[in-house]
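Attaching a predicted model along with its sequence, questions to come.
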Amino acid sequence: MKVATAEEIRQLDLEAIETIGIPGIVLMENAGLQVVRVMNAHFPHLKTQKVLVVCGKGNNGGDGLVIARHLDNQGVDVRVTLLTEKTQLKGEAKINFDIAEKMNLPIVELTSNEQLPAFRNLLLQADIVVDAILGTGLNDAVKGFYKHIIESINKTHKPIIAVDIPSGLSADTGMVYGSCIKADVTVTFAIPKRGVILYPAADYVGNLEVVDIGIPKKLISSSRIKVHLVEYANVQGVFRKRMPNTHKGTYGHALVIAGSPGKSGAALMAGRSALRSGAGLVTLAIPENLRVPLEIPTLEVMTTSLPETPQGTVSLEAYDKILNLAQDKRVAAIGPGLSVHPSTVELVLRLIRTLEIPMVLDADAINAVAQNPEVLLEAKAPVVLTPHPGEMARLTPNIHVQNNRIPVAQETARKYNVFIALKGVRTIVAAPDGNVFINPTGNPGMATAGTGDVLTGIIAGLIAQNIIPVEAAKSGVFLHGLAGDLVVKDKGEYGLLAGDLIDAIPRAIKFIQDYC
Ligand SMILES: NC(=O)C1=CN([C@@H]2O[C@H](COP(=O)(O)OP(=O)(O)OC[C@H]3O[C@@H](n4cnc5c(N)ncnc54)[C@H](OP(=O)(O)O)[C@@H]3O)[C@@H](O)[C@H]2O)[C@H](O)CC1
Ligand SMILES: [K+]
């Protein structure tokens, strides 16, 4: 499903109106009717409830007036507050105001702080509040009178239905700059806006309903919108049923270059995750000192030892051996627990320049890249990077990563011709062609040591099975989050270990396959 900015949805709206010829008033009517439909579904006793519709001066307010009219037609006790003088209304909002006025709907104009007590009184009498104050036209942080109105609504703790987006939420960034309605249900039109998907704004959305308002599907699919929300149907193709006449060679061999003293677990978890994700074979290439300790726990994962520095990290001398090891592998995962010893960093940079198989770079491999990001432009094979926000910030030191997750990932992927999985709540996968995929799975229980190593292994495991990097990153991130969700369903969030995720991978794959 595509996900839009305010400008992108305005463009779609405009094309529907001007190119296709669907009058704006029709779109507004559909929008209002859809909100009423959702309200009826959420509140079975709507007819016996008192609804207060709070309307701003733009088209979001116009939608509110349509909603009020249809609620009134259903016999609902509805009141409207208009947060502007009626003379300020324009276009479709004015048309709907005039209709509502002629229908004698109870409309109160409230425009100043002195009238706040009257507003609070109306709120007290209401059972449900419809927020039609501000939509995608928000152009600044909410302050002054609107801020008092929004805070009064939030304080009532009555069910709030937000029209299109909660008022005050930035449709583009997922940030909340001033006050924002904390909705129980948000009915968003045509396609979700970035702000209702991304955090922290997504916390204000409640249950999200995406409704059709009559913008032609073909307009949406042919639009230049490049940001997508990943859904089950988008990843099911990666986890197809296997053909009987296959063997472990069919599913590829992954090489994992990882580990240093005290961090053998990172290597092991990445390796096991690649196998759990379906790779036929996995070889862990680890510094010599880890070979014996890892011999017993590795079981199905094979190990091979590499020359090491005096500190026990993989040294530059391992270069030739790794080139040899890479000969029969389909992917190299590099980084978990590897260290940033200068010799190890030098090795990583050299491998990026020369390996001819796809690479998944994580943790210390990303820290190595941060010392010279231009090295990515020299890569001979596709590169997937899986940074957490701190690692991303090392790659892009001049931008605030968390406030700009989509543009940061998108621009870095373009600039360095790589695939990026920017981890965190709603992991962002960005491809060099500008496409971006927002991941909906996962939970805060996964904020624990080692889950990043598991993701690296999953993506490498999928690439080993000849899944192209963008699909491997997209479906790998989805699978990783889903495995976390399945664990949390059984055990709750607190005790989740990265190892639990690894064990849940097969169940998560089956869940995706069976989902309909
Ligand atoms: N295709 C669709 O999705 C459709 C969407 N519809 C609805 O229309 C809104 C967008 O309507 P728009 O008129 O562009 O904008 P808003 O209603 O969100 O509000 C804009 C007015 O609010 C003022 N404003 C902006 N920011 C603030 C602020 N921080 N504080 C106070 N006031 C603010 C602004 O006034 P200015 O004088 O400041 O410019 C605007 O007048 C969309 O969200 C949908 O709900 C259609 O109904 C159907 C098609
Ligand atoms: K709103």
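All right, it came through fine. Computed from a predicted structure; not experimentally measured. Ligands and ions are numbered 1, 2, ... in the order given.

can we go C-alpha only for contacts and neighbour counts from here?
Will do.

Enumerate every residue touching the residue of the stretch 251-400 of the chain found nearest ligand 2.
Distances between the stretch 251-400 of the chain and ligand 2 by CA to the ion are smallest at residue 400, namely 27.4 Å. Listed by CA atoms under 8 Å, 6 or more residues apart in numbering, the contact set of residue 400 reads residue 393.

can I assume it sits in a helix?
No. Counting by DSSP: H, G, I helix; E, B strand; the rest coil, residue 400 is located in no helix; its state is coil.

show me where the stretch 251-400 of the chain has strands.
With strands called from DSSP state E, counting those that start in this stretch, the stretch 251-400 of the chain shows them at 253-257, 281-287, 302-306, 331-334, 359-361, 383-385.

in the helix or strand bottoming out on mean pLDDT in the chain, what counts as buried?
None of the helices or strands of the chain scores lower by mean pLDDT, DSSP states H and E than helix 288-298, at a mean of 87. Within helix 288-298, the residues scored as buried using 16 or more other CA atoms under 10 Å are 288, 289, 290, 291, 294, 298.

Same question for stretch 1-10.
2, 3, 4, 5, 6, 8, 9.

Enumerate the residues of this protein near ligand 2.
131, 132, 134, 135, 162, 163, 165, 166, 167 (CA under 5 Å from the ion).

Number of residues surrounding the fifth one?
As a burial measure, the neighbour count of residue 162 was computed by other CA atoms under 10 Å and equals 30.

doesn't residue 183 make contact with it?
Yes. Using CA atoms under 8 Å, residue 162 is in contact with residue 183, at 5.8 Å.

where do the contact lists of these two overlap?
residue 205.

Give me every residue in this protein lying close to ligand 1.
Contact residues (CA under 6 Å from any ligand atom) of the chain with ligand 1: 9, 13, 27-28, 31, 57-61, 63, 134-142, 163-164, 189.

Report the buried members of those.
Buried members of the residues of the chain next to ligand 1, counted by 16+ other CA under 10 Å: 9, 13, 27-28, 31, 57-61, 63, 134-138, 142, 163-164, 189.

Mind checking which of those are in strands?
Within those, residues falling in strands by DSSP state E are 163, 189.

Keep only those of the buried ones among the residues of the chain next to ligand 1 that are in helices.
Members of these lying in helices (criterion: DSSP state H): 9, 13, 27, 28, 31, 59, 60, 61, 63.

Considering the residues you listed, which is situated nearest to residue 358?
Lowest distance from residue 358 to those (CA to CA) belongs to residue 9, with 36.5 Å.

Roughly how far does the closest one sit from residue 97?
According to CA to CA, to the nearest Å, residue 9 stands 24 Å off from residue 97.

can you check residue 436 too?
Distance from residue 436 to residue 97, by CA to CA: 40 Å.

Name the residue in those two with the higher neighbour count.
More neighbours surround residue 436 than the other of residue 436 and residue 97, with 29 against 24 (other CA under 10 Å).

Please point out which parts of the helix or strand hosting residue 505 sit buried.
Applying DSSP states H and E as the criterion places residue 505 in helix 498-514. For helix 498-514, the buried set under the neighbour-count rule, 16+ other CA under 10 Å, comprises 498-502, 504-509, 511-513.

elements contacting that helix?
helix 264-276, helix 451-464, helix 469-491 (3 or more CA pairs under 8 Å, 6 or more residues apart in numbering; DSSP states H and E).

most packed of these?
Among the helices and strands packed on helix 498-514, ranked by average contacts under mean count of other CA atoms under 10 Å, first place goes to helix 451-464 (a mean of 31).

Please list all residues in contact with the nearest residue in space to residue 356 that is not next to it in sequence.
Of all residues not flanking residue 356 in the chain, residue 381 sits nearest, at 5.2 Å (CA to CA, 6 or more residues apart in numbering). Residue 381 makes contact with 355, 356, 357, 358, 359, according to CA under 8 Å, 6+ apart.

Among the residues you listed, name the buried ones.
Counted by 16+ other CA under 10 Å, the contacts of residue 381 give 355, 356, 357, 358, 359 as buried.

Kindly reformat these as a markdown table and extend each row with pLDDT and distance to residue 243.
Putting the buried ones among the contacts of residue 381 into a markdown table (pLDDT from 0 to 100; distance: CA to CA, whole Å) gives the following:
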| residue | pLDDT | distance to residue 243 |
| --- | --- | --- |
| 355 | 98 | 31 |
| 356 | 98 | 28 |
| 357 | 98 | 25 |
| 358 | 98 | 25 |
| 359 | 98 | 27 |
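
possible to save those as CSV with distance to residue 320?
Listed next are these as CSV, based on distance: CA to CA, whole Å:
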residue, distance to residue 320
355, 11
356, 14
357, 15
358, 18
359, 17
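
of all those, which comes closest to residue 146?
The shortest gap between residue 146 and any of those belongs to residue 359, at 50.9 Å (CA to CA).

what sits opposite the closest one in the beta ladder?
residue 332, residue 383 (DSSP bridges).

what's the distance between it and residue 392?
Where residue 392 is concerned, residue 359 sits at a distance of 17 Å (CA to CA).

just checking, residue 30 touches residue 190?
No. Between residue 30 and residue 190 there is no contact under CA under 8 Å: 10.5 Å.

Give me the common contacts of those two.
The contact lists of residue 30 and residue 190 share 212, 213, 214, where a contact means CA under 8 Å, 6+ apart.

who wins for neighbours among these?
Going by other CA under 10 Å, residue 213 tops these with 19 neighbours.

Now that residue, what are its backbone angles?
According to degrees, to the nearest 10, the main-chain angles of residue 213 amount to phi -120, psi 10.

Give me the pLDDT value at it.
Note on residue 213: pLDDT of 98.

Nothing else from me, thank you.
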